[in-house]
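> return atomic coordinates for the entry below.
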Amino acid sequence: MQKNPSDIIPDLGPSLAQFLQEEQQQFPDIHKALPPILRTIAAASKPINEVVRKLGLVGMMGGQGTYNFSGDAQQKLDMTAHDCFVHMLATIKEVCAVVSEEEETIITFPNNYGNYVIALDPLDGSSNIDANAAIGTIFSVYQRCSPQYTPVQQEDVLQTGEKQLAAGYILYGTSTIFVYTACHGVHGFTYEPAVGAFFLTHQGMQMPHDGVSYAINDGYFDIFPGYIQRYIRRCRRDGYTARYMGALVADFHRHLSQGGIYLYPPTHKNPEGRLRLMLECNALACVAEQAGGVASNGQQAILTIQPQAIHQRVPLYIGSKNMVQALLEKVV
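Here you go, the predicted structure:
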């Protein structure tokens, strides 16, 4: 019996490359360099996706006995993802530098004529790898401040999130999805392995103003600040569902799609919070705000915080507008 082609490859929407071209024509303020940068980030995720689909078969599970600058144990896949993204980004003339969770300092490329800097968490949710649970990649794109053809400076990297030209993430879950914003809405593209490309599946994503779930590591409840404890008690009283994936990207994607709130507050052990402003929070805050959500450290909007260091950490409360605002009303 002959199969219908649609049984093998479904009807597909615009590819990521096609959509980027159309978006740039529609919004002339989008920098010409953004489409090739975003296409390169998407291309770099493809080999990561292939490895993720067969981790145990290719010996990529478990740690490698090393630690990154922040003291986190590095998994084998952490450095594989880091090397892949850095290598791919180094091949395009538009990018002059990368900052990564896996490196202490700025990674500069010989092409000082590049005008763009990429902030990157190559593999979010490393603790999920051996459990075969969702993991992801987080990225931001900035335009450098210093003149082209000169060495990259700290000021080129330490910019507020408001200055991001584009941001997004890749979620390696039940399917692999590439979500980005170039500050003209949020769009998602699902990877079709039979074709080897990303295709539009979620156009103009909007985060619901309310949700019925919250994501937090409840094991630390007793050492959370009082305002967090009061908020969680309210969530429980109101019948909200606790959903915590252990990967920021996965929890955020659920709330972007369905509504909800993600919380990573300060604790006695980590009084400044645990998540990195430059490498995780800014990108997702940009996506959240473009989709109608809110992101705060409890005192100010994430996108307005002036970074002092590449690996600076901050508390993060991000998600549906009404839920985050209800939390902020409890902050004392």
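> how about the helices in this protein?
Listed in chain order, the helices of the chain (DSSP state H) span 5-8, 16-26, 34-52, 76-89, 154-157, 226-237, 248-258, 282-290, 321-328.
> for the fifth one, packing partners?
Right, helix 154-157. Under the contact definition 3 or more Cβ pairs under 8 Å, 6 or more residues apart in numbering; DSSP states H and E, helix 154-157 sits against strand 95-100, strand 116-124. (Glycine included, C-beta is placed from N, CA and C.)
> in a markdown table: those, plus mean neighbour count and mean pLDDT.
A markdown table is the format used below for the helices and strands packed on helix 154-157 (neighbours: other Cβ atoms under 10 Å; pLDDT from 0 to 100):
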| stretch | mean neighbour count | mean pLDDT |
| --- | --- | --- |
| strand 95-100 | 25 | 96 |
| strand 116-124 | 27 | 96 |
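> nearest to residue 132, of the helices of the chain?
helix 34-52 (9.3 Å; Cβ to Cβ).
> so for the closest one, mean pLDDT?
Across helix 34-52, the average pLDDT comes to 95.
> give me the contact list for that helix.
For helix 34-52, the surrounding residues in contact (Cβ atoms under 8 Å, 6 or more residues apart in numbering) are 16-17, 20-21, 24, 58, 60, 77, 80-81, 84-85, 87-89, 91-92, 94-95, 116, 118, 123, 135, 137, 139, 141, 165-166, 168, 170, 172, 176, 178, 180, 182, 189, 191, 193, 196, 198.
> need the residue closest to the centroid of this structure.
Central residue of the chain (Cα atoms, centre = their mean): residue 138, 2.8 Å from the mean position.
> residues touching that one, list them.
Residue 138 sits in contact with 120, 121, 124, 168, 169, 248, 249, 279, 280, 283, 284, where contact means Cβ under 8 Å, 6+ apart.
> can you flag the buried ones in the residues you listed?
120, 121, 124, 168, 169, 248, 249, 279, 280, 283, 284 (16 or more other Cβ atoms under 10 Å).
> want to throw the helices and strands packed on helix 154-157 into CSV with distance to residue 270?
What follows is those, written out as CSV (distance: least, Cβ to Cβ, whole Å):
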stretch, distance to residue 270
strand 95-100, 21
strand 116-124, 17
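> what about the ones you listed, which gets the closest to residue 31?
strand 116-124 (7.9 Å).
> isn't residue 113 up against residue 147?
No. With contact defined as Cβ atoms under 8 Å, residue 113 and residue 147 do not form a contacting pair (10.3 Å).
> okay, the helices of the chain, which one's buried deepest?
Comparing the helices of the chain by mean neighbour count (mean count of other Cβ atoms under 10 Å), helix 282-290 ranks first with a mean of 27.
> return the list of helices and strands in contact with that helix.
strand 135-143, strand 166-172, strand 176-181, helix 248-258, strand 294-296, strand 316-319.
> neighbours around residue 292, how many?
Each residue near residue 292 was counted by other Cβ atoms under 10 Å, and the total is 15.
> report pLDDT for it.
On the pLDDT scale, residue 292 gets 98.
> and if you look at residue 132?
As predicted, residue 132 sits at a pLDDT of 78.
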